[in-house]
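> No sequence on hand, only this structure:
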């Protein structure tokens, strides 16, 4: 019997092209997702996918169910929001501050989707560069911080979003250009270009360089494009989220390398006061971020909500 969970699974498979990635997105094991699909195929005596060199290809029957998923799932989400509105007044204000400025690259479609879902909520970005954005929550100057978890999260709540890889960024002719990945020692005596935030908030420094006692020079810039210009002009190297550098890499402005044997990964959260994060539209903001970014950003891994 066809259920909503089946439609969500089909949508995830269509967006990722592979069972393993789809299972990860909907927080199932690959075997559990395979069993779910086989049960559906057995019930209707149909085949939903055909395997190819580039991944899974939907059969006409699979495409018909996928069309249903794309039509029905947004309606279900809208109906759930409508029920919340009928239950209580959900108007308000949502002021968002970003810890990581590369988030600007994907936040616009998120805010567009949020405004369509919650037109009665006034949503805005808190202007300026904030090296310690969490104090704005306690000061009543912001409602939600998009960033990593602070070391001390007293009186704050968070909703998990996704994890992403941080890549080393080098000029195309750098001496390390032929290495597939950089280790801590490769950063020795280099100039590291970062955003002007405390070193304790910079993953490459906290997780890689400091544990290995690597000496380096640090230079800061507030804008991603400024960091890219400094790297391209051989003023130093950087370490930035993969989505923030993709366009520069594709145009051969810079090159990107994995960091460490398993890559350097960071996690992103929506953080606010307990009162704010309990509000349905704040919870839905986290869901919208996860859904939009899963479809738009390559290489991210959704965190369990």
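Structure's in. What do you need? The shown structure was predicted, so the numbers you read here are calculated from the model rather than taken from an experiment. Residues are numbered from 1 along each chain as shown.
> where in the stretch 101-250 of the chain is pLDDT low?
Along the stretch 101-250 of the chain, the model assigns pLDDT under 70 to residues 129, 131, 152-153.
> Strands along that one, start to end?
Along the stretch 101-250 of the chain, counting by DSSP state E, counting those that start in this stretch, strands occupy 121-125, 144-147, 156-170, 181-182, 191-194, 217-220, 237-241.
> how about those strands, which one is nearest residue 272?
strand 144-147 (4.6 Å; CB to CB). For the C-beta atoms, the positions are set from N, CA and C on the backbone; glycine is no exception.
> Hmm, residue 158 and residue 274 touching each other?
No - contact criterion CB atoms under 8 Å: residue 274 and residue 158 do not qualify, at 10.4 Å.
> residues contacting the nearest residue to residue 55 once chain neighbours are set aside?
In space, residue 55 comes closest to residue 17 once its chain neighbours are excluded; the distance is 3.6 Å by CB to CB, 6 or more residues apart in numbering. Residue 17 makes contact with 54, 55, 56 under the criterion CB atoms under 8 Å, 6 or more residues apart in numbering.
> And the strand or helix carrying residue 32, what does it pack against?
Taking DSSP states H and E as the criterion, residue 32 maps to helix 30-44. In terms of contacts (3 or more CB pairs under 8 Å, 6 or more residues apart in numbering; DSSP states H and E), helix 30-44 is packed against helix 4-16, helix 19-25.
> what's the following helix or strand after the helix ranked longest in the chain?
Criterion DSSP state H: the longest helix present in the chain is helix 60-87. Using DSSP H and E, the next helix or strand after helix 60-87 towards the C-terminus is strand 92-98.
> how close does residue 173 get to residue 179?
14 Å (CB to CB, to the nearest Å).
> Assess the claim that residue 201 and residue 133 are in contact.
No - using CB under 8 Å, residue 201 is not in contact with residue 133, being 10.2 Å away.
> Walk me through the domains of this protein.
With domains defined by automatic domain parsing, the chain comprises 4-86, 91-163+266-302, 164-265.
> now do the same end-to-end measure for the longest one.
Distance across domain 91-163+266-302, first residue to last, is 28 Å (CA to CA, to the nearest Å).
> sec struct for residue 46, please.
Of the three states, residue 46 takes coil according to DSSP: H, G, I helix; E, B strand; the rest coil.
> Can you give me the neighbour number for it?
For residue 46, the neighbour count with other CB atoms under 10 Å is 14.
> Contacts only, for residue 34.
By CB under 8 Å, 6+ apart, residue 34 lies in contact with residue 19.
> Relative to residue 127, how far out is it?
When CB to CB is the yardstick, residue 34 and residue 127 sit 48 Å from each other.
> Equivalent analysis for residue 168, please.
Relative to residue 127, and taking CB to CB, residue 168 is found at 30 Å.
> now do residue 188
Residue 188 sits at a distance of 38 Å from residue 127 (criterion: CB to CB).
> Who has more neighbours out of these two?
A count of neighbours by other CB under 10 Å puts residue 188 above the other of residue 188 and residue 127, at 12 against 7.
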